[in-house]
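In: kindly generate the corresponding structure for this input.
(2 chains)
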Amino acid sequence: MTIHFVLLISRQGKVRLTKWYSPYTQKERTKVIRELSGVILSRGPKLCNFVEWRGLKVIYKRYASLYFCMCIDADDNELETLEIIHHFVEILDRYFGNVCELDLIFNFHKAYYILDEVLIAGELQESSKKSVARVIAAQDTLIENAKEQAGSLSNMIAQATK
Amino acid sequence: MGTRLRDMIRAVRACKTAAEERGVIAKECANLRNSFKENDQDYRHRNVAKLMFIHMLGYPTHFGQMECLKLIASGGFPEKRIGYLGLMLLLDERQEVLMLVTNSLKNDLNHGNQFIAGLALCALGNICSAEMARDLAPEVEKLLHNNNSYIRKKAALCSVRIVRKVPDLVEYFTNPAVGLLTDKHHGVLIAGVKLCTELCQGSEAALEQMRKQVQTLVRILKNLVVSGYAPEYDVGGITDPFLQIRILRLLRLVGRGDPDSSDVMSDILAQVATNTEGNKNAGNAILYECVLTIMAIEGIGGLRVLAINILGRFLANRDNNIRYVALNTLVKVVSVDTQAVQRHRTTIVECVKDSDVSIRRRALELVYALVNETNVKTLTKELLEYLKVSDPEFKADLTAKICSLVQKFAPNKQWYIDQMILVMAEPGNHVREEVLRTLIVVISNAPELHGYTVRSLFRTMQHWNGQESLAQVTVWCIGEYGEMLVNHLNELEGEEPLTVTESDAVDVIETVMKDVRSSSNTQAFALTALLKLSSRFPSNTQRIKDMIKPHKGSLILELQQRSIEFGAILNRHENIKATLVERMPVLDEATYNSKKADGAGMALPSDTKRATPVGGPDILANGGPKPETTNTLIDLLNLDADETPAHEPRKSAGDHLLSLLGADPLASQNASTNPDNVLMDILSLGSPAPTTGPSSSTSLFPPAAADPFGGSLLDVAAPAAPVDPFGASLAPATGTAPRKTSLLDELDVSSTVPQPPRKASLLDDLGPTIPNANNSLLDGLDSAPIVPATSAYPTIVALQSSGLKVLFDFIKPPGNPQSTTIKASYINLSSNPYTDFIFQAAVPKFLQLQLEPASGSVLPASGGGLITQSINLTNTMHGQKSLLMKLRIIYKINGQDKVEQGQVSNFPQGL
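Out: Down below sits the predicted model:
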């Protein structure tokens, strides 16, 4: 079982997050995103959350205005992938406190940091939401401390990434 | 200085048009470039963050890749964090720049700060290339024993990636992976179980070792199932479904093919299957995984019943996701327990009509697996009814499935033909060519149904609405069996009487020809049918001539050629026409089927685009007066022996016909004495062969090869391959095709430039793939006195590794010492089939290289078949430098990419 890539697409088809665990060239990536957003955004609400695509499966779920999509192998557990998506969303929700699309736009790097604590190499690494929250918080503190220590100069740098 | 990240995002979001956005980004990128050029350290951090945002919008960002490396190389955690993120986002494993980061990664892996080590592991796990994986594997392995669980779990998943990239490291990781199974931490367990699964998939030895751990796995699973509420890992009342699913999957691998382990795990599987609540997604995910495991491990009857019952429940679920999963799994169960699945047949057929395309596909797959001789009629009827109302984009799939079912399970030929006509009558062009081909072979083999078929088709054709396949089959049948349409021959009991006049039949063909929707293929069918009808319906000859004429100016070479040549036959060769357009001999169904079975892989080398079988039906489909068997040819020859006096200068295309038939006085001399030789003459094969009548043969070959219209009899019969309605046919065999790839071409050359003995065996190998008709032609050739001389180039082994052998044969076309044709053959020496097989070659500047398409992309295991490919080389420094070539071969074993490279410098001298 492998997740080949993770996509977050807004209802307008804007990309909010992409993570590629299998090699796709830049061109292919653009093509994949275009192709999939066409398929997924046009699916009705009552249909199942799975789309068969190029011999793989794309599992998607809509949360408010965002579609969370993960592409898996044809023989992987679709239901579990849905659960992983939900797991990720819950962690985001706890971190941002009622997460919305704007949070993920302005703090896209943080969404990536969290994803990197949930998945590595397309595999789930942590099933405890609390423990992900803990390590993310610890790393944020580390950044804060570094900022204070380095004084005004690095303060400006850190602000840039806030 | 630039703006803050937040301000840039705002500016981008404020853009109302795409052009405006491009403007903002262009300005921002310019600033970033400047900043990078000035090596601005203070804002590097922020700049890379901006770059990532720009990247996400889809703009090129390669200019910032080095900045990520600089950030990673700097000391602090904040810089490294953003640097690694940029690295993972902006680069992928195929970029050379990535190698530069190996050293930083190595340092960071051993960093005292767990988060910095974590970043390095994460980056390595997400994007490492095979080289990096090999370089850093020891560091990662060390971290598997780290006393920090945060590091251990990341290292385990990182190892998963490493093993995927470098499969021979499996052994190296096996012991530490087993060690992880006793870990207490769930994250480490999840990652550890995953790593074990990955190792088991890659190596039998690892699997053997894992089988000793069944007890451990069962114990972990048991603890999860019986444990009470665990808030940290709880998902909807279930403790850590993720870990449960991963253990179930590993158990599946371990239990498959091993009754002992299967026995050990049966209790816990039963427990999971009965105790897991199926009212939430997490529970269903576990049940689903459990069912898969039960079906895969060594049979325990009671458990199987339990599993199938779960699937039955799933199928009745209102949630589409669950139904999808049920259908998906039932397909796998059908082979184990058909009866159990048959019980749900009505529900499954309903699912074919679901509004959700994903469900429809799965259901169709399942129905397909469920059909057998007893239910084929009812199910086909259902599917055909549904075909009428289904979405256009679903029709192709559905049509293909129906065709395949009908073909496989038809109780009798009449039913088969009836169903196929129904399918073809559906609007849209969804019937595939090979299906048509099979249908035509079947029709051809059912003489008692010829009349019935042509009448049914005629009737259906009255409501024709542009269906290509229907038009082609009808036109072909009318061409072959037109008289039965008119004479009521072979009428079946209960068949509705039908009165058709000769001109009605020609009307049908006219409708097809005049319709704008008819492709050139169909037009070509129609022309051939007209030629045939000209002798069946003498009263319509003039009309037929008039219909053929307009195509003389066709822009499509194929149609123009047919039109001109058929016109010539009709106008000038009235006396031989009747024999020329005799009905096609019945096609050998058995040969066709066996060829179809192994056709895809071993198609003629010339034809890779259509990996469809080439064979008898091609010839038949063209319907032209082709020499199906040697007998027919001899007929023609006899016939033309009567015609010998037809001395005409060989200038026009039509005249070649006669000259090929031996009207040429010299050739005909030969014809009367040795039919085999003439046969070869016609094929322009044996011409320069040393021992055949030297006076007769030389004259034939050059005109046939040079004439752009290839005005030979065989060309009339089987025109140029690319436009041929059914793909490869005899056309390339005539020696006029531009590509020197067809079998007979090889023969052609082999008779002039004698080949080493291996050549002969290669031809034998290829023998079964060419049409039966050609077989007999080849037989004729065998008996022809072609004596291979000794001055040939030996076959060389261009590359040999443990899994692959590449052989080169050489052919030197006469007249051009600079050029060489290499016939490369690839042989798989391993026990796994290779897929996506690609051969690449590079040569020094003084050589010109042209790779023809390979015969296939799948290489069966253990030399069970080979891929062949022609390589044309031109040595511009012939005589001064010898050939040199570098090879790279890319393929997949079990989905894993593999690359082999080598240099060939052992080319024979003088090439």
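
In: what segments of chain A are strands?
Out: A:3-10, A:15-20, A:50-53, A:56-63, A:66-73, A:119-120, A:123-124 (DSSP state E).

In: residues in contact with the first one?
Out: Outside of strand A:3-10, the residues within contact range by Cβ atoms under 8 Å, 6 or more residues apart in numbering or on different chains are A:15-22, A:24, A:32-33, A:36-37, A:40-41, A:56, A:65-73, A:81, A:84, A:101, A:104, A:111, A:115, A:119, A:122-123. Glycine gets a C-beta too; all of them are placed from N, C-alpha and C.

In: give the partner strands of that strand in its sheet and their orientations.
Out: strand A:15-20 (antiparallel), strand A:66-73 (antiparallel) (DSSP bridges).

In: relative to strand A:56-63, how tilted is it?
Out: Per axes from the mean of the first three to the mean of the last three Cα atoms, to 10 degrees, the angle that strand A:3-10 makes with strand A:56-63 is 30 degrees.

In: distance check, B:Ala326 against A:Met70.
Out: 21 Å (Cβ to Cβ, to the nearest Å).

In: more neighbours: which of these two?
Out: B:Ala326 (30 against 25; other Cβ atoms under 10 Å in any protein chain shown).

In: what sits against the more buried one?
Out: Counting by Cβ under 8 Å, 6+ apart, B:Ala326 has contacts B:Leu311, B:Phe314, B:Leu315, B:Asn317.

In: go on, A:Phe106?
Out: Residues near A:Phe106 by Cβ under 8 Å, 6+ apart: B:Arg6, B:Ile9.

In: surely B:Lys886 is within a strand?
Out: Yes. Counting by DSSP: H, G, I helix; E, B strand; the rest coil, B:Lys886 is part of a strand.

In: once you drop chain neighbours, what's closest to it?
Out: Excluding the flanking residues, the one nearest B:Lys886 by Cβ to Cβ, 6 or more residues apart in numbering or on different chains is B:Ala842, at 4.6 Å.

In: next one, pLDDT for the one you found please.
Out: We have a pLDDT of 85 for B:Ala842.

In: A:Glu126 too?
Out: At A:Glu126, pLDDT is 91.

In: quick one, what contacts the nearest residue to it once chain neighbours are set aside?
Out: In this structure, A:Glu126 finds its nearest non-sequential neighbour in B:Gly187, 4.4 Å apart by Cβ to Cβ, 6+ apart. Residues near B:Gly187 by Cβ under 8 Å, 6+ apart: A:Gln125, A:Glu126, A:Ser127, A:Ser128, A:Ser131, B:Ser149, B:Tyr150, B:Lys153.

In: mind checking which helix or strand B:Gly187 is in?
Out: Element membership for B:Gly187 (DSSP states H and E) is helix B:186-202.

In: sorry, back to before: now for the strands of chain A, which one comes closest to B:Leu449?
Out: strand A:50-53 (39.1 Å; Cβ to Cβ).

In: any residue of that closest one up close to chain B?
Out: Yes. Shown here: strand A:50-53 in contact with chain B (Cβ under 8 Å from any Cβ of the partner chain) through A:Phe50, A:Val51, A:Glu52.

In: touching, the second one and A:Leu41? I think so.
Out: No. Using Cβ atoms under 8 Å as the test, A:Val51 is too far from A:Leu41 to be in contact (11.1 Å).

In: the two: which has the busier surroundings?
Out: Taking neighbours as other Cβ under 10 Å, A:Val51 and A:Leu41 compare with A:Val51 leading, 20 against 15.

In: neighbours of the closest residue to the more buried one other than its chain neighbours, how many?
Out: Among residues not flanking A:Val51 along the chain, A:Val58 sits closest, at 4.6 Å (Cβ to Cβ, 6+ apart). Residues lying near A:Val58 (other Cβ under 10 Å) number 25.
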